[in-house]
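# this one's structure only:
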């Protein structure tokens, strides 16, 4: 199960782009609110109804934790202590993490990007302590998958599909969405 976390001020296209592509590939994605409310407001005022509230989940079946960017969404994700604790436990278990745009700052502040290649929205590089920042649209280094910004949302989704189901499945989903060249 992939758990994707929403906090007030998230970037809606990044969150839904990852969810959309992954669900097209048959991956289970649970959209989780960290706000205590089912509807979470995006950076652009769009209300998205989460599948569940953070406190209502047992994360033992998590294969990946995914963080959309957006501001102040990324800093609100970091400010939520239960999520920080979950991310640290998940990382210690060697499980996959995905973050896009400003959200890699969460992983960087937790020290999880040291020695890893990653990417982020320009201007957040200083938050990625110890990382090698490539500036690529999407970067995969072991169990850490990062995306640069809104334009990378679907491509990070394809990378997640490839991580779990292989290149051919990712290509089938991309082809079905009329994305050439994957």
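In hand now; what should we look at? Because the structure is a prediction, the values reported are computed rather than measured.
# could you pull out the helices for the chain?
With DSSP state H applied, the chain shows helices at 12-24, 73-79, 81-92, 104-109, 153-165, 167-176, listed in chain order.
# identify the residues contacting residue 59.
Taking Cβ atoms under 8 Å, 6 or more residues apart in numbering as the criterion, residue 59 is in contact with 3, 86, 90. No exception for glycine: its C-beta is placed from N, CA and C like everyone else's.
# quick one: closest of the helices of the chain to residue 56.
Taking Cβ to Cβ, helix 81-92 is the member of the helices of the chain nearest to residue 56, at 11.9 Å.
# buried residues, the closest one. List them.
Taking 16 or more other Cβ atoms under 10 Å as the neighbour-count basis, helix 81-92 is seen to contain the buried residues 83, 86-87, 90-91.
# between these, which sits nearest residue 57?
When those are compared for distance to residue 57 (Cβ to Cβ), residue 86 wins out at 9.4 Å.
# thought that closest one was touching residue 60?
No - using Cβ atoms under 8 Å, residue 86 is not in contact with residue 60, being 10.8 Å away.
# hmm, back to that, can you tell me which of the helices of the chain is most buried?
Mean neighbour count (mean count of other Cβ atoms under 10 Å) peaks for helix 104-109 among these, with a mean of 26.
# name the residues that touch it?
By Cβ under 8 Å, 6+ apart, the surrounding residues in contact with helix 104-109 are 67, 69, 74-75, 77-78, 84, 87, 97, 99, 113, 118-120, 124, 127-129, 131, 144, 146.
# try it again at 7 Å.
The set of residues that contact helix 104-109 without belonging to it, under Cβ atoms under 7 Å, 6 or more residues apart in numbering, is 67, 74, 77-78, 87, 97, 99, 113, 118, 120, 124, 127-129, 131, 146.
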